[in-house]
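Chemist: I'd like to go over a predicted model; first the sequence, then the structure.
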Amino acid sequence: MVRGEHDFSESEPNGSEPRRSAGGPTLLKRREPIRRARGRVGMRPRGYATIFALSFGLTFTGSLIARAVHGSSDRVASAAAPSVAAPPLPEDAPLSADSRPSDATAPAVVAEAAPSAPAVVSPTLPGVPDAVLAHLPDARALVAAAGIPKAVPASTLPPSDPLVEQLAGDAGPLQVEYTLDGALTRRVVDLLRTRRVPLAHVIVMDPADGRVLTYVSSDPEHFPASRTYPAASLIKVVTAAAALHHDRPRAEQPCQFLGSPYVLTPARVNPPRGGQTVSLERALATSNNQCFAQLAVHALGNAAMTDAILRFGFLQPPAPGHDAGHIDPGTDAYDLGKLGCGLAGTWITPLHAAQLAATLADGRLVQPRWIERVTDGEGRELALPGARAPRQVMTPGLAAELRQMLIETTESGTARRGFRSRRGGSRLGPVRVSGKTGSLSGPDPAGRYEWFAGVAPADDPKVAIAVVVVQQRRWSMHASQVAGEVLEDVFCGAGGCRPEPRFRTAKHAPEEPPASERAASARPPRPSVHGSVSAGNPNAG
């Protein structure tokens, strides 16, 4: 039996937190996980269990995956319930709000990213060094050097000068200008510091073009943003999208479950004859582990579940300098159920979570970018490599359907505490937020990993946000509460909240704040930040 860890705000309807085991579920002891690297996915041998898995063809190539997952029901199903084997899609077909295609012989292929757009490279100047592309700026040092005042609401500051950093290149210093919004970044840095959130990452991104507006890490040394961590219940968004595409009648059928929705046993991956009933929307809002385990086993099967995870980009690096995610699909229905509900089996970086949130805008997977331009010591601009073209992983209609469902998460579900004002109303006024929480114990650093990923406004997304916080013995804020305060700075000011962010996005150009709201904006001239990254060594500095 596995009792699901969940965001502390993921309480029972009466507000009490379900009991949980001290250490949480154990992650991955049988084998090395499935990874994606250099265009190939497979298992790295470790012990007889992995060799046995390899013998059944658990590599993602052509017909082998169809045989491995579809060919023998007793390998995918537990004692009393066979698992459905939904056919994987052709690689150029997004998940759709319509019912699954009738072609049951579709090849089991992996959706590859679209080829990169060609970079416009000067015939006399080199491109930006790989080490610079992979370098994550220290947001705390950047805003300190920029002279942005502390403890001032971001809405009262005028658009800040670009945040810049000087890095060492092979042929001399390089000036790197970032896409980060200085005022918002200052506020996030101060929020994590003053509220004593020692281990956290906060990413705000434009879902239209992947431009990163804030990328703050409270302790990059002990909790690096480039590494992967347990994805927890964020995977439920992927499971819901895949189930609505492959088997909409089952996905829309009320889910039955027994006892606590967070406790999963091998028997509970199968629908019980009695028990409580909940809709898919409510199952998402309350992060019901049993319901999503049932969808993974009975609406999807191993192949379609894994294919959906691949399509959402989890098994490739989200950007330079970041690890690819990895999964462990397991060998039976119980493992598949845990994978589908997030109790085990998936590891992602915080930037993967931001990408997942951004797909809710219009169904496209965009590549995040945080470098605006790079110039050398003579002021010449170096060529940035072309970004991967956005890939449609689900139709805009399905994305809109999921966004509508996920509003309930922030208004009456597991994230409600982060989006309510002290008086019990909406923290963001008319701005509604679609999002998903998650929580699961992890070992490095040890603690409970709390996630929030979402978009706002829900009806016309202009920003995507991802927050992960590691709760240890002493903690003060949940991930959803951090997200709520950050989005309040994005959409709210002295005149209240409105559905237009105060900074420029691909869909919105902000107005200059009134002079009365900019009284605290004066700041001294900004010196540059000097880094020490060597273009020949991505790990230097």
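Modeler: Nice, I can see it. Not measured: the values here are computed from a predicted model.

Chemist: Residue 193 - that's part of a helix, no?
Modeler: Yes - assignment of residue 193 by DSSP: H, G, I helix; E, B strand; the rest coil places it within a helix.

Chemist: what's the pLDDT at it?
Modeler: On the pLDDT scale, residue 193 is placed at 93.

Chemist: Check the one 5 residues further on too.
Modeler: pLDDT recorded at residue 198 is 93.

Chemist: ditto for the one 3 residues further on
Modeler: On pLDDT, residue 201 comes in at 97.

Chemist: Which residues are in contact with it?
Modeler: Each residue near residue 201 by CB atoms under 8 Å, 6 or more residues apart in numbering is listed here: 215-218, 223, 225, 350, 466-468. C-beta coordinates here come from the backbone N, C-alpha and C atoms, glycine included.

Chemist: again, but for residue 195
Modeler: Counting by CB under 8 Å, 6+ apart, residue 195 has contacts 476-477.

Chemist: separation between it and residue 433?
Modeler: In this view, residue 195 and residue 433 are 20 Å apart by CB to CB, to the nearest Å.

Chemist: One more: residue 355?
Modeler: Taking CB to CB, one finds residue 355 at 18 Å from residue 433.

Chemist: ok, which stretches of the stretch 101-250 of the chain are strands?
Modeler: All strands of the stretch 101-250 of the chain, identified by DSSP state E, counting those that start in this stretch, fall at 164-169, 172-178, 200-205, 212-217, 229-230.

Chemist: right, so of the ones you listed, which gets closest to residue 133?
Modeler: Checking the strands of the stretch 101-250 of the chain against residue 133 by CB to CB gives strand 172-178 as the closest, at 9.7 Å.

Chemist: ok, residues contacting that closest one?
Modeler: 128-129, 132, 135, 137, 142, 162-168, 370-377, 382, 528, 535.

Chemist: quick one on the thing from earlier: export the strands of the stretch 101-250 of the chain to CSV and tack on distance to residue 259?
Modeler: Formatted as CSV, the strands of the stretch 101-250 of the chain follow (distance: least, CB to CB, whole Å):
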stretch, distance to residue 259
strand 164-169, 53
strand 172-178, 49
strand 200-205, 33
strand 212-217, 38
strand 229-230, 23
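
Chemist: shouldn't residue 502 be in contact with residue 495?
Modeler: No - checked against CB atoms under 8 Å, the pair residue 502 and residue 495 is beyond contact range at 11.1 Å.

Chemist: Compare those two (neighbour count), which wins?
Modeler: residue 502 (24 against 10; other CB atoms under 10 Å).

Chemist: Could you tell me the per-residue confidence at that one?
Modeler: 77.

Chemist: Can you classify it by secondary structure?
Modeler: Residue 502 is classified as coil under three-state DSSP.

Chemist: separation between it and residue 463?
Modeler: In this view, residue 502 and residue 463 are 11 Å apart by CB to CB.

Chemist: Now list whatever residues contact both of these two.
Modeler: residue 490.

Chemist: Output the lowest mean pLDDT helix or strand found in the protein.
Modeler: Every helix and strand in the chain was compared by mean pLDDT, DSSP states H and E; the lowest is helix 73-76, with a mean of 33.

Chemist: Residue 437: which element?
Modeler: If you go by DSSP states H and E, residue 437 is part of strand 434-443.

Chemist: out of the strands of the stretch 101-250 of the chain, nearest to residue 407?
Modeler: strand 200-205 (19.2 Å).

Chemist: CA-only coordinates of that closest one, as PDB, when you get a sec.
Modeler: The C-alpha trace of strand 200-205 is given here as PDB (Å, rounded to 0.1, in the frame of the first residue of the first chain):
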ATOM      1  CA  ALA A 200      12.700  26.800  -3.700                       C
ATOM      2  CA  HIS A 201      12.600  27.600  -7.400                       C
ATOM      3  CA  VAL A 202      10.200  30.100  -9.000                       C
ATOM      4  CA  ILE A 203       9.800  30.400 -12.800                       C
ATOM      5  CA  VAL A 204       7.500  32.800 -14.600                       C
ATOM      6  CA  MET A 205       7.400  32.400 -18.300                       C
END
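
Chemist: The stretch 351-500 of the chain: strands as residue ranges?
Modeler: Under DSSP E, counting those that start in this stretch, the stretch 351-500 of the chain gives strands at 364-365, 371-375, 391-392, 434-443, 446-456, 463-471, 492-493, 496-497.

Chemist: Which of these sits closest to residue 267?
Modeler: That would be strand 434-443 among these, by CB to CB, at 21.7 Å.

Chemist: any weak-confidence spans in this structure?
Modeler: Where the chain drops to pLDDT under 70, the residues are 1-92, 98-125, 151-161, 504-541.

Chemist: can we see that at 80?
Modeler: 1-93, 95-126, 148-162, 170-171, 387, 474-476, 502-541 (pLDDT under 80).

Chemist: Give me the longest helix you can find in it.
Modeler: Looking across the chain with DSSP state H, the single longest helix is helix 396-411.

Chemist: Extract the C-alpha set from that helix and format it as CSV.
Modeler: Output of helix 396-411 as CSV, limited to C-alpha atoms (Å, rounded to 0.1, in the frame of the first residue of the first chain):
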residue,chain,number,x,y,z
PRO,A,396,-6.1,24.2,-28.3
GLY,A,397,-9.6,22.8,-27.6
LEU,A,398,-8.2,20.2,-25.2
ALA,A,399,-5.9,22.7,-23.6
ALA,A,400,-8.9,25.0,-23.0
GLU,A,401,-10.9,22.1,-21.5
LEU,A,402,-8.1,21.3,-19.1
ARG,A,403,-7.7,24.9,-18.1
GLN,A,404,-11.4,25.2,-17.3
MET,A,405,-11.2,22.0,-15.1
LEU,A,406,-8.0,23.2,-13.3
ILE,A,407,-9.7,26.5,-12.2
GLU,A,408,-11.4,24.4,-9.5
THR,A,409,-7.9,23.5,-8.1
THR,A,410,-7.2,27.1,-7.2
GLU,A,411,-10.7,28.0,-6.1
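
Chemist: what comes up buried for it?
Modeler: 398-403, 405-411 (16 or more other CB atoms under 10 Å).

Chemist: Check which helices and strands it is in contact with.
Modeler: On a contact count with 3 or more CB pairs under 8 Å, 6 or more residues apart in numbering; DSSP states H and E, helix 396-411 meets helix 235-246, helix 280-286, helix 350-362, strand 434-443, strand 446-456.

Chemist: if you set the cut-off to 7 Å instead, what comes out?
Modeler: Helix 396-411 sits against helix 235-246, helix 280-286, helix 350-362, strand 434-443, with contacts defined as 3 or more CB pairs under 7 Å, 6 or more residues apart in numbering; DSSP states H and E.

Chemist: what's the helix or strand just after the shortest one in contact with?
Modeler: Along the chain past helix 280-286, the next helix or strand (assigned with DSSP H and E) turns out to be helix 289-295. Contacts of helix 289-295 with the rest of the structure, by CB atoms under 7 Å, 6 or more residues apart in numbering, involve 4, 236, 239, 243, 251, 255, 257, 261-262, 264, 268-269, 271, 278, 283, 337-338, 340-341, 343.

Chemist: hey, C-alpha coordinates of helix 289-295 in CSV?
Modeler: What follows is helix 289-295, C-alpha atoms only, in CSV (Å, rounded to 0.1, in the frame of the first residue of the first chain):
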residue,chain,number,x,y,z
ASN,A,289,-4.7,9.2,-6.7
GLN,A,290,-7.1,6.3,-7.1
CYS,A,291,-9.0,7.9,-10.0
PHE,A,292,-5.9,8.7,-12.0
ALA,A,293,-4.4,5.3,-11.3
GLN,A,294,-7.6,3.8,-12.7
LEU,A,295,-7.3,6.0,-15.8
